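Student: coordinates only, sequence not included:
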């Protein structure tokens, strides 16, 4: 992660600073500048860029781009060494100590984003970075929402926020805005994922909400400073919304709504999708009803969301428990080989908690791999490994 530049007592000009970090190659700063340059290279698809970052070849690529089989437009751009975007990004970082850039390989980069097919190269963040690791639910829907839809969004957001769940939305008019406002009013937390640069507020009427989220939540975008809203930015933004959340709740959406893109992306990411039904005569119900027909969970109360999250978390916890017991069984075999040890001695040697240890010992006994004898456990027979 890269935070506000420390100028020291004398201070240095931003242009001088850029030159220094590029020519001297400070590791953290160099990673940021290289990733920024890579992110704005034209005619190079996102998957190619992500692969360069994953394999840690960004620096090599930027220095030796002529050797790579990439579009001539990409090469021409890199030959010019245009640092305007780097300058804009570092200037933005200087504006506030809460402004941060998180790279793909940073510890703070959310694992749920890394697991997507096209993760963002950089995250421009303003606010509470701890929310990146929080349990969250996305609430999105129509920009032209009804009064009833707004009430539902507010009610669901307040209920979930009161339980410590972070609300994720897109700062759009309508459902997104009402959900974010309700989360803040209930002293909860919210993440707004933008389809613009971190310093560009869209829509403009959400300026006050944007400022409140910066103070009480987190503003997040993959687009660099001064990036204006463009139609193709918002589907890209939606994949981040769905990836950050445990599930996505759709409140009012017609058949062509961008919210359905978010729902589709959530399903592709193996996330839960919740859809709130509405009157069959209302256009804004057509999209949510279609989602329900396709298998989204019909949702009438926040508890419907909570029950699914708990089931999902319980399954993950069970899978993790089974895996840890499997590893522990192999460790126990090694520890008691040639010995007779009490359960306390085995626990001291393995460092395992009592529940997992007892489970592992019972399973090993059932497999006739160990036996209880004279107050301790020993192997039925000596062997080198267990598969």
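Tutor: Received the coordinates, thanks. What you see is a predicted model; the values in this text were computed from it and never measured.
Student: Residue 191: helix or strand, and which one exactly?
Tutor: strand 190-193 (DSSP states H and E).
Student: what residues does that strand touch?
Tutor: 131, 136, 157, 161, 166-171, 179-180, 183-184, 209-210, 213, 216-221, 237, 240-241, 244 (Cβ atoms under 8 Å, 6 or more residues apart in numbering). The C-beta positions use only the backbone N, C-alpha and C, and glycine is treated the same way.
Student: Repeat the analysis, applying 6 Å as the threshold.
Tutor: Contacts with strand 190-193, where a contact means Cβ atoms under 6 Å, 6 or more residues apart in numbering, come from 131, 167-168, 170-171, 180, 183, 213, 217-220, 237, 240-241.
Student: and the chain, what are its domains?
Tutor: Domain assignment for the chain by automatic domain parsing gives 14-124, 128-300, 311-379.
Student: I'd like the distance from the shortest one to the chain centre, please.
Tutor: Offset of domain 311-379 from its chain centre (Cα atoms, centre = their mean, to the nearest Å): 35 Å.
Student: can you check stretch 246-255 too?
Tutor: On the basis of Cα atoms, centre = their mean, stretch 246-255 sits 19 Å off its chain's mean C-alpha point.
Student: could you say what helices and strands the helix or strand residue 357 falls within packs with?
Tutor: Using DSSP H and E, residue 357 falls within helix 354-366. When contacts are defined as 3 or more Cβ pairs under 6 Å, 6 or more residues apart in numbering; DSSP states H and E, helix 354-366 sits against helix 302-336.
Student: where do the helices sit along the stretch 201-350 of the chain?
Tutor: 207-216, 233-244, 258-268, 286-293, 302-336, 343-350 (DSSP state H, counting those that start in this stretch).
Student: would you list the ones you listed in JSON lines and tack on mean neighbour count and distance to residue 190?
Tutor: JSON lines is the format used below for the helices of the stretch 201-350 of the chain (neighbours: other Cβ atoms under 10 Å; distance: least, Cβ to Cβ, whole Å):
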{"stretch": "helix 207-216", "mean neighbour count": "16", "distance to residue 190": "6"}
{"stretch": "helix 233-244", "mean neighbour count": "23", "distance to residue 190": "11"}
{"stretch": "helix 258-268", "mean neighbour count": "23", "distance to residue 190": "16"}
{"stretch": "helix 286-293", "mean neighbour count": "20", "distance to residue 190": "22"}
{"stretch": "helix 302-336", "mean neighbour count": "14", "distance to residue 190": "16"}
{"stretch": "helix 343-350", "mean neighbour count": "15", "distance to residue 190": "43"}
